[in-house]
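> Mind folding the following:
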Amino acid sequence: MSTPQPAGRFRRLVSELLAPTSEGAGPAAPPVRLTPLLIICLGLALQVVARYEWGFLKANEWQLAHIGIGVAWVLVVLVAFHGLGILRRISTRTWVLLGVGVGCFAIFWYYGRVNGYRRFFGPMGTEGLEPLYGFFYFSAMALLLRLIIPYAFARYAFGLRPSDLGLGRSGSKGAHFRWIYLALFLFVLPVVIYVSTTAPFLAKYPMCKGIVSPEGGIPFASFFAFECAYLLIFVSGEAFWRGYLTFSGERDLGLYAVAIMLVPYVTGHFGKPLAETLGAIATGVVLGVLALRHRNVWLGVVLHYAVALSMDLLAVLNKGHVIYFGD
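Take a look at the predicted model:
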């Protein structure tokens, strides 16, 4: 048997990546079409711009309203292209899993972030790791509400194992997608380098700004502790977005499950720079499709964290901060 040539392997990879169905889709799941997916993304982009530039439901308290608007838009577009039958294909199990996911995200959004720590425990201190207590709380709540609770619910309510929701090993057809994650990082890195010089970016990053001394110094031990907590956020995030929410809807919606996941994923970026929130639309689609093709989320964790770490380090560099060892 002859060995496939590189051009042939590339064509096969592209064909599999753009295939209209996914491995875990049920027989009634519709094949994905590019046009409705693009329309969904454009609608979400308009929603993001309306919030940032026109003040549409801008307060954080409107997060659930934005999710409702976004999901309604997704369903309207799917019905327009596939008919009302697409709604009848969505089982009670899928609605319940997605509802629990949105509920966990809502609790996390309102009570699980740094402002939730301040609400419950008051202001953070200024000595040692005290400025990071709110961030540690954020990381722990992300782990609880985006991984432990939803995955435990799926297991005990419907018998779904973590591997059924993207936390297993890659599927038999997924190994040759691995290099795409590296290609994506190399593609995104120049964009990150450019954006890291802009004022909105430097106003938000580095995320560890609470441990930066007035002289611009950052203790390495504190920076390392912060980055460990930051990594857990991406583990729980990819497990939730590309794992729980995406794989929960795959059986009934096929690759369109990515569109449902995309709504809370994008609105969860509210408060970050506009360019980053808009970029989350493309990121969510690409990583969602790759997770379903690859059958797990772990390389998505690596990619997402590598980009985030690069953003933090570039912000440290561009602001003239110094990471130092010792007290």
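
> Give me the next element, helix or strand, following the helix or strand harbouring E53.
Secondary structure from DSSP states H and E places E53 in helix 34-54. Counting by DSSP H and E, the next helix or strand C-terminal to helix 34-54 is helix 63-82.

> what element comes up after that following helix heading to the C-terminus?
Beyond helix 63-82 on the C-terminal side, the first helix or strand identified by DSSP H and E is helix 85-88.

> Alpha carbons of that following helix, as CSV, please.
Taking Å, rounded to 0.1, in the frame of the first residue of the first chain, the C-alpha atoms of helix 85-88 are listed here in CSV:
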residue,chain,number,x,y,z
GLY,A,85,-38.6,20.6,12.8
ILE,A,86,-35.2,21.5,14.1
LEU,A,87,-36.7,22.5,17.4
ARG,A,88,-38.7,19.3,17.7
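
> The helix or strand that that helix is followed by relative to helix 63-82, how many degrees between them?
The first helix or strand that comes after helix 85-88 along the chain, using DSSP H and E, is helix 92-111. Per axes from the mean of the first three to the mean of the last three CA atoms, to 10 degrees, the angle that helix 92-111 makes with helix 63-82 is 150 degrees.

> roughly how far out does the following helix or strand past helix 92-111 sit from the chain middle?
Per DSSP H and E, the first helix or strand lying C-terminal to helix 92-111 is helix 114-121. Mean C-alpha position of helix 114-121 versus that of the full chain (CA atoms, centre = their mean, to the nearest Å) differs by 23 Å.

> Not counting its neighbours along the chain, what's nearest A28?
Excluding the flanking residues, the one nearest A28 by CB to CB, 6 or more residues apart in numbering is R89, at 4.8 Å. All C-beta spots, glycine's among them, are computed from the backbone N, C-alpha and C.

> hang on, the earlier thing: report the mean per-residue pLDDT for the helix holding E53.
Taken as a whole, helix 34-54 has a mean pLDDT of 97.

> What helices and strands are in contact with it?
Where contact means 3 or more CB pairs under 8 Å, 6 or more residues apart in numbering; DSSP states H and E, helix 34-54 is packed against helix 63-82, helix 257-267, helix 274-294.

> Send me the second one as CSV with only the CA atoms.
Yep, that's helix 257-267 we're talking about. Extracted in CSV, the C-alpha atoms of helix 257-267 (Å, rounded to 0.1, in the frame of the first residue of the first chain):
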residue,chain,number,x,y,z
ALA,A,257,-24.3,22.9,19.1
VAL,A,258,-21.3,25.2,18.7
ALA,A,259,-23.7,28.1,17.9
ILE,A,260,-25.6,27.6,21.2
MET,A,261,-22.4,27.4,23.2
LEU,A,262,-21.1,30.5,21.4
VAL,A,263,-23.8,32.8,22.9
PRO,A,264,-22.8,32.6,26.6
TYR,A,265,-19.2,32.2,25.7
VAL,A,266,-19.1,35.6,23.9
THR,A,267,-21.3,37.4,26.4
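
> which residues are in contact with that helix?
The contact list for helix 257-267, computed with CB atoms under 8 Å, 6 or more residues apart in numbering, reads 37, 40-41, 44, 48, 63, 66-67, 70-71, 74, 78, 98, 101-102, 105, 241-242, 245-250, 253, 277, 280-281, 284-285, 288-289, 292.

> What is the burial count for the residue lying closest to G112 once chain neighbours are set aside?
Spatial nearest neighbour of G112, excluding adjacent residues (CB to CB, 6+ apart): M141 at 3.3 Å. Neighbour count for M141, taken as other CB atoms under 10 Å: 20.

> who touches the nearest residue to V258 once chain neighbours are set aside in this structure?
Excluding the flanking residues, the one nearest V258 by CB to CB, 6+ apart is G288, at 3.6 Å. Residues in contact with G288 (CB under 8 Å, 6+ apart) are 241-242, 246, 257-258, 261-262.

> pLDDT (mean, whole number) over stretch 205-212?
What stretch 205-212 shows for mean pLDDT is 86.

> residue contacts, C104?
Contacts for C104 were tallied using CB under 8 Å, 6+ apart; they are 145-146, 149-150, 240.

> From W241, how far out is I260?
For I260, the distance to W241 equals 11 Å [CB to CB, to the nearest Å].

> okay, these two: which has more neighbours?
The neighbour comparison of I260 against W241 (other CB under 10 Å) goes to W241, with 29 against 26.

> My read is that the more buried one contacts G284, right?
Yes - W241 is in contact with G284 according to CB atoms under 8 Å; the separation is 7.0 Å.

> on that earlier part again, let's see if you can find the most crowded of the contacts of G288.
The member of the contacts of G288 surrounded by the most neighbours (other CB under 10 Å) is T246, with 31 neighbours in all.

> With adjacent residues omitted, what lies nearest to that residue?
Nearest residue to T246 in three dimensions, chain neighbours excluded: M261, at 4.7 Å (CB to CB, 6+ apart).

> Just the helices from the stretch 151-300 of the chain, written as ranges.
Taking DSSP state H, counting those that start in this stretch to define them, one finds helices in the stretch 151-300 of the chain at 178-195, 199-204, 220-238, 246-253, 257-267, 274-294, 298-318.
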